[in-house]
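Novice: Return atomic coordinates for the entry below.
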Amino acid sequence: LPWVGERVSKSAGAPKAGHGDTGRYFGGAGTGHWLRRRSSRRGPFGGTRPGDSEAAAGPHSLGVAETLNLLGSMYYQGGDAIQAEAHFLKARNIVEDLYGPDHFLAAQVDGGLATLYKERAEFTKARGLHEHVILVYVALLGPEHPRLIAQYNNLGLCLKELGDLKGARAALETALRISEKTNGPEASSTASVLGNLGIALKESGDFDSARTTYERARAIQEKRLGPDHALVGAILFSLGSLLADMGDAANGKQRMERALAITDKALGPGSVRGVQIMDQLGQLLANQKDFKGARAIFERAWNESLRVYGENNSHTAAALASLAGLYAATKDFSGARERYRQALRVQEHELGPQHYYTLETVFALARTEQEAGLYAAALALFERVSAEWRKQFGELYPSLADSIGHSAECLYRLGRRDEALKAALESAIIRRTNIEIATHASGEREALLYAAKERTGLDLATTGVDGRAAPGVCKRCLGRGDSRTSVGAG
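Specialist: Predicted coordinates for the structure are as follows:
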């Protein structure tokens, strides 16, 4: 990953502020490995002086930790996450033994680990590490040092994935403020944070603010890098997806097609970002009932991934799962099931059965079985997803409401009506709590947009299991007033 801040020379008194190109997702595993500050023994920045025998040499020295950290960064950039993690952890253990967890190099290593975990979708781990790095950097460097930009940025991305949109916006806005003050309002880091803030604003339902943010980021990058740079393509992709969600499918499609052309030219066919763009473009076409066009783009994404990464790769599996979704949308449930299962075999082997992306594919397969009327099979899959989401993200994870709500419908179809009502109420409680959080964080409009996205569980909870209203139970579980009014207001 690109550097945030300048490499620090051996004679430096403290890390220097830098203005390097940080890319869309910046910071992480490679920041400032050459720090060797001459300081007091066990000082916050560590380092050695002649006579400091405890850390001057040997297999358990600060120099060894620095080398391990550098190797971890190199392995990470080379795509070997297992070796990267092993080297980062060894480096952190050495520094913590010598100087404690709040040493500057320990924070740098934690930053690398956090980025690795974020890219592996282990967002809870990444969040804790980013928060620790921020505390150390603020204490040692001050609250507005440029190194904090990457940490607040990546923390915001983790919080977004964990469903904490209020926290995500706050972290990203802090990163933006620091970047504008230290690097300037038209710096690359400012544009990068703006792009990520746009994502959080979009997912909060604040589409107008998200569009303004994306447009500003694009203007900065086009001025700095030209209209055909990969980072401009990334912003056009996000903007096109937003416009499609706002109902402007024509302009959304135009920008996504332009983003794909830029990305293919800059990164080559089959790149991860190119496949992501094709995935969104295919979904846009499918939503417009252009299934022929959608199938062509999904098959292209899968074939390019197959050629670049091979059959047994998680990127290829993700492209295949998107193609499976099109089969499900056209009611070819057998074709969808076959492709989802093929994708799952790869994801479970390469990523693990509990991985975030694996579980997304399990959820999609469950929806396919549900649509096909195979409610027992669907229920088993929904319960697997719910158990893992609850374990990894907590009781109020927004997507948990969806998986439990669909479980409720399956239970109802299987004649297990008491269990169906219980599950439906649990889904409704999670959703209502998130609506209240969204109202507090983003305003009533955004909360209503969230509420309108998915009603599974809510309708069953308010009508009971036999078509009659269940106001007594719903008043206790859903809260204020008449149960129908309460849910309707959400």
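Novice: where in the stretch 51-200 of the chain is pLDDT low?
Specialist: Under the criterion pLDDT under 70, the flagged ranges of the stretch 51-200 of the chain are 51-59.
Novice: show me where it has helices.
Specialist: With DSSP state H, counting those that start in this stretch, the ranges of helices along the stretch 51-200 of the chain come out as 53-56, 62-77, 81-99, 104-119, 123-141, 147-161, 165-182, 188-203.
Novice: Can you add mean neighbour count and distance to Gln342 and give those helices back as JSON lines?
Specialist: Just so you know, the C-beta spots here come from the backbone N, C-alpha and C atoms, and that holds for glycine as well. Converted to JSON lines, the helices of the stretch 51-200 of the chain look like this (neighbours: other C-beta atoms under 10 Å; distance: least, C-beta to C-beta, whole Å):
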{"stretch": "helix 53-56", "mean neighbour count": "15", "distance to Gln342": "52"}
{"stretch": "helix 62-77", "mean neighbour count": "21", "distance to Gln342": "29"}
{"stretch": "helix 81-99", "mean neighbour count": "19", "distance to Gln342": "24"}
{"stretch": "helix 104-119", "mean neighbour count": "26", "distance to Gln342": "24"}
{"stretch": "helix 123-141", "mean neighbour count": "19", "distance to Gln342": "27"}
{"stretch": "helix 147-161", "mean neighbour count": "26", "distance to Gln342": "26"}
{"stretch": "helix 165-182", "mean neighbour count": "21", "distance to Gln342": "34"}
{"stretch": "helix 188-203", "mean neighbour count": "26", "distance to Gln342": "30"}
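Novice: you'd agree Glu266 is up against Val232?
Specialist: Actually, residue 266 is Ala. It isn't Glu. No - under the contact definition of C-beta atoms under 8 Å, Ala266 does not touch Val232, with a separation of 9.2 Å.
Novice: If you count surrounding residues, which of these two has more?
Specialist: Ranked by neighbour count (other C-beta atoms under 10 Å), Ala266 and Val232 place Val232 first, with 25 against 17.
Novice: could you check the distance from the more buried one over to Ser238?
Specialist: For Val232, the distance to Ser238 equals 11 Å [C-beta to C-beta, to the nearest Å].
Novice: contacting residues for the most centrally placed residue in the chain?
Specialist: Among the residues of the chain, Glu161 comes closest to the average C-alpha position under C-alpha atoms, centre = their mean, at 4.4 Å. With contacts taken as C-beta atoms under 8 Å, 6 or more residues apart in numbering, Glu161 has the following neighbours: 121, 123, 356.
Novice: Could you pull out the helices in the stretch 351-490 of the chain for me?
Specialist: Along the stretch 351-490 of the chain, the segments classed as helices by DSSP H, counting those that start in this stretch run 356-371, 375-393, 398-413, 417-442, 444-453, 458-463, 471-478, 483-489.
Novice: hmm, back to that, do you know which of the helices of the stretch 51-200 of the chain lies nearest Ala364?
Specialist: Across these, Ala364 has its closest neighbour in helix 147-161 (17.6 Å, C-beta to C-beta).
Novice: Only alpha carbons, please: show that closest one as PDB.
Specialist: Taking only C-alpha atoms (Å, rounded to 0.1, in the frame of the first residue of the first chain), the coordinates of helix 147-161 have been written out as PDB:
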ATOM      1  CA  ARG A 147      -0.500   9.900  10.300                       C
ATOM      2  CA  LEU A 148      -3.900  10.000  11.900                       C
ATOM      3  CA  ILE A 149      -5.600  10.500   8.600                       C
ATOM      4  CA  ALA A 150      -5.200   6.900   7.500                       C
ATOM      5  CA  GLN A 151      -6.200   5.500  10.900                       C
ATOM      6  CA  TYR A 152      -9.400   7.500  11.200                       C
ATOM      7  CA  ASN A 153     -10.200   6.700   7.500                       C
ATOM      8  CA  ASN A 154      -9.800   3.000   8.000                       C
ATOM      9  CA  LEU A 155     -11.600   3.000  11.300                       C
ATOM     10  CA  GLY A 156     -14.500   4.700   9.600                       C
ATOM     11  CA  LEU A 157     -14.600   2.000   6.900                       C
ATOM     12  CA  CYS A 158     -14.600  -0.700   9.600                       C
ATOM     13  CA  LEU A 159     -17.400   0.900  11.600                       C
ATOM     14  CA  LYS A 160     -19.400   1.200   8.400                       C
ATOM     15  CA  GLU A 161     -19.100  -2.500   7.700                       C
END
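Novice: That helix vs helix 188-203, what angle?
Specialist: Between helix 147-161 and helix 188-203, the angle formed by their directions is 20 degrees, by axes from the mean of the first three to the mean of the last three C-alpha atoms, to 10 degrees.
Novice: from the middle of its chain, how far away would helix 147-161 be?
Specialist: Average the C-alpha atoms of helix 147-161, do the same for its chain, and the two points are 10 Å apart (C-alpha atoms, centre = their mean, to the nearest Å).
Novice: again, but for stretch 127-145
Specialist: The chain centre lies 21 Å from the centre of stretch 127-145; the measure is C-alpha atoms, centre = their mean.
Novice: ok, now stretch 171-179?
Specialist: Put simply, stretch 171-179 sits 18 Å off its chain's centre (C-alpha atoms, centre = their mean).
Novice: Kindly report the same for stretch 192-205.
Specialist: Relative to the chain's own centre, stretch 192-205 is displaced by 12 Å; criterion: C-alpha atoms, centre = their mean.
Novice: Begin at 494, not 1, for the rest of this chat.
Specialist: Renumbered: residue one is now 494, and that last one reads stretch 685-698.
Novice: Export only the CA atoms of it, formatted as PDB.
Specialist: Provided in PDB are the C-alpha atoms of stretch 685-698 (Å, rounded to 0.1, in the frame of the first residue of the first chain):
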ATOM      1  CA  SER A 685      -9.500   9.600  -0.800                       C
ATOM      2  CA  VAL A 686     -11.300  10.400   2.400                       C
ATOM      3  CA  LEU A 687     -14.000  12.200   0.600                       C
ATOM      4  CA  GLY A 688     -14.600   9.100  -1.500                       C
ATOM      5  CA  ASN A 689     -14.900   6.900   1.500                       C
ATOM      6  CA  LEU A 690     -17.100   9.500   3.300                       C
ATOM      7  CA  GLY A 691     -19.400   9.300   0.300                       C
ATOM      8  CA  ILE A 692     -19.800   5.600   0.800                       C
ATOM      9  CA  ALA A 693     -20.900   6.100   4.500                       C
ATOM     10  CA  LEU A 694     -23.300   9.000   3.500                       C
ATOM     11  CA  LYS A 695     -24.800   6.800   0.800                       C
ATOM     12  CA  GLU A 696     -25.400   3.900   3.200                       C
ATOM     13  CA  SER A 697     -26.900   6.300   5.700                       C
ATOM     14  CA  GLY A 698     -29.400   7.300   3.000                       C
END
